[in-house]
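Novice: this one's sequence-less:
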């Protein structure tokens, strides 16, 4: 069996087109790993640099003021989403959604949606990362090497002779299929495994990614074998396989997008930001008692300290900032619910599109999908809540301003971990 497998390998590599194709596939995988790594490294460097500069800026601001209201107003605090070790394989939403956001204790919705660029919908043109190559390009190489295993020999008039000389024809075709599938797997896995080893990812993550690669190649290999049973020539087999690839990889997502838009229209983040700003601006003209009564619905513990006697007090100012967020809370919730519903529809479409399924799986493994983006979103809201409540306590209790007390400011990394 070893000799026959070796013979099949030599026969495969003797085809110049196949040899060039395998080299090209290896180069594409290497290029995707490199570009993905460069993208994620730029993000890591940006996060590190901004964290340092923002911490220095906050320290400078806090040292130059003398009250908590000003500290809350001028203190911009950085939030960030640190990429995982596998993020470079599937850049996913990190290419379109913010992975850093500076927030302060003002109304949050306007701060969030000023950078609104989240796009959880299906997209035909993705970033050239490993997930894109595996989902869209690797199947084409499988089709190239697998489409003529049976029909090519029949067209060349060697079918009967091969079956007779091989003794057991089924074993011959199995060996040939394994060799050709192995060639594609080698072209993909060799650079991938070296990359995973260099990146020192966990064994579970590495095995999971390799498993996805094997599943993709095996799926299209089986499809190629099945199609050849139906088609009379290798050209017809290749045409049908390309048509299957086109329909499942491109046509299904294109047709699904307007259906998703119709099913879940969604909410415009800019509309939420505008509504929140209008609510905040209108509060300047409202009676202060009205503002404080609404604020106390969320924080009744400050009822005995909510009286506002001066024309301007910081606690009143931050109270109507909070009320501005409350005014658009239902819109904000609808926005996130629309994202989740769209993502659920995309996952249901993945049953019809292996390319979409592969990208979703790798994004989930890499922590770069819609779920990870929404998780970062929740961390930002949790941090903002902790930040505002820190200042509410200081302002409503009329505590004297000290730099030492600011050491108790919530830290985003603590919120993210919890």
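Specialist: On my side now, so go ahead. This one's a predicted model, so the numbers in the text were calculated from it and none came from an experiment. Numbering: from 1, shown residues only.
Novice: what's the nearest residue to residue 271 if we skip its chain neighbours?
Specialist: residue 331 (7.3 Å; CB to CB, 6 or more residues apart in numbering). Where you see a C-beta, it was placed from the backbone N, CA and C, and this is true even at glycine.
Novice: Contacts for the strand or helix carrying the one you found next, please.
Specialist: Using DSSP states H and E, residue 331 maps to helix 329-349. By CB atoms under 8 Å, 6 or more residues apart in numbering, the surrounding residues in contact with helix 329-349 are 109, 118, 120-122, 252-253, 256, 260, 263-267, 269, 271-272, 275, 325, 356, 360, 369-371, 374, 377.
Novice: How about stretch 268-275?
Specialist: With CB under 8 Å, 6+ apart as the contact definition, stretch 268-275 has outside contacts at 109-110, 112-114, 116, 118, 327-328, 331-332, 335.
Novice: Highest neighbour count among those residues?
Specialist: For the contacts of stretch 268-275, the largest neighbour count, defined by other CB atoms under 10 Å, is 28 neighbours, found at residue 109.
Novice: and residue 197, that's in a strand?
Specialist: No - counting by DSSP: H, G, I helix; E, B strand; the rest coil, residue 197 is not found in a strand; it is helix.
Novice: For the helix holding residue 331, buried residues please.
Specialist: Across helix 329-349, burial judged by 16 or more other CB atoms under 10 Å covers 331-332, 335, 339, 342-343, 345-346, 349.
Novice: where does the protein dip in pLDDT?
Specialist: Scanning the chain for pLDDT under 70 picks out 1-14, 115-127, 150-173, 267.
Novice: Strands of the protein, start to end?
Specialist: Along the chain, the segments classed as strands by DSSP state E run 77-80, 100-103.
Novice: Pipe the ones you listed into TSV and attach mean neighbour count per row.
Specialist: As requested, those are exported to TSV (neighbours: other CB atoms under 10 Å):
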stretch	mean neighbour count
strand 77-80	21
strand 100-103	18
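Novice: Distance to residue 55 added to these, as TSV?
Specialist: Below are these laid out as TSV (distance: least, CB to CB, whole Å):
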stretch	distance to residue 55
strand 77-80	8
strand 100-103	12
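Novice: Relative to residue 298, which of those is closest?
Specialist: Closest approach to residue 298 among the strands of the chain (CB to CB): strand 100-103, 18.4 Å.
Novice: Strand partners (parallel or antiparallel) of that closest one?
Specialist: Using DSSP bridges, the strands paired with strand 100-103 are strand 77-80 (antiparallel).
Novice: ok, and what's touching the strand it pairs with?
Specialist: 47, 50-51, 54-55, 58, 99-104, 376, 379-380, 383, 387, 409, 412.
Novice: Just the buried subset of those residues, please.
Specialist: 47, 54, 58, 99-104, 376, 379-380, 383, 387, 412.
Novice: contacting residues around the closest residue to residue 30 other than its chain neighbours?
Specialist: Nearest residue to residue 30 in three dimensions, chain neighbours excluded: residue 191, at 4.9 Å (CB to CB, 6+ apart). Taking CB under 8 Å, 6+ apart, we find residue 191 in contact with 26, 29-30, 33.
Novice: and the residues you listed, which two are the farthest apart?
Specialist: 26 and 33 (10.7 Å).
Novice: Comparing the two, which residue is more hemmed in?
Specialist: Set residue 26 next to residue 33 and count neighbours by other CB under 10 Å: residue 33 wins out with 22 against 15.
Novice: Tell me how far the closest residue to that one other than its chain neighbours lies from residue 134.
Specialist: For residue 33, ignoring the flanking residues on the chain, the nearest one in space by CB to CB, 6+ apart is residue 195 at 4.9 Å. According to CB to CB, to the nearest Å, residue 195 stands 13 Å off from residue 134.
Novice: Compare these two (neighbour count), which wins?
Specialist: Taking other CB under 10 Å, residue 195 and residue 134 do not tie; residue 134 has more neighbours (26 against 22).
Novice: need the contact list for that one.
Specialist: Here residue 134 is in contact with 188, 212-213, 216, 358, 362 (criterion: CB under 8 Å, 6+ apart).
Novice: Pick the one among these closest to residue 400.
Specialist: For the contacts of residue 134, the residue nearest residue 400 by CB to CB is residue 362; the value is 53.5 Å.
Novice: Report how many residues lie close to that closest one.
Specialist: So residue 362, with other CB under 10 Å, has 25 neighbours.
Novice: wait, isn't it in contact with residue 208?
Specialist: No - counting by CB atoms under 8 Å, residue 362 does not reach residue 208; the two are 9.1 Å apart.
Novice: domains in the protein, as residue ranges please.
Specialist: Listed domain ranges for the chain are 2-23+130-253, 31-128+264-417 (source: automatic domain parsing).
Novice: Quick check: the closest residue to residue 54 other than its chain neighbours vs residue 107, distance?
Specialist: If the residues on either side of it in the chain are set aside, residue 54 comes closest to residue 78, at 4.3 Å by CB to CB, 6+ apart. Using CB to CB, we find residue 78 at a distance of 18 Å from residue 107.
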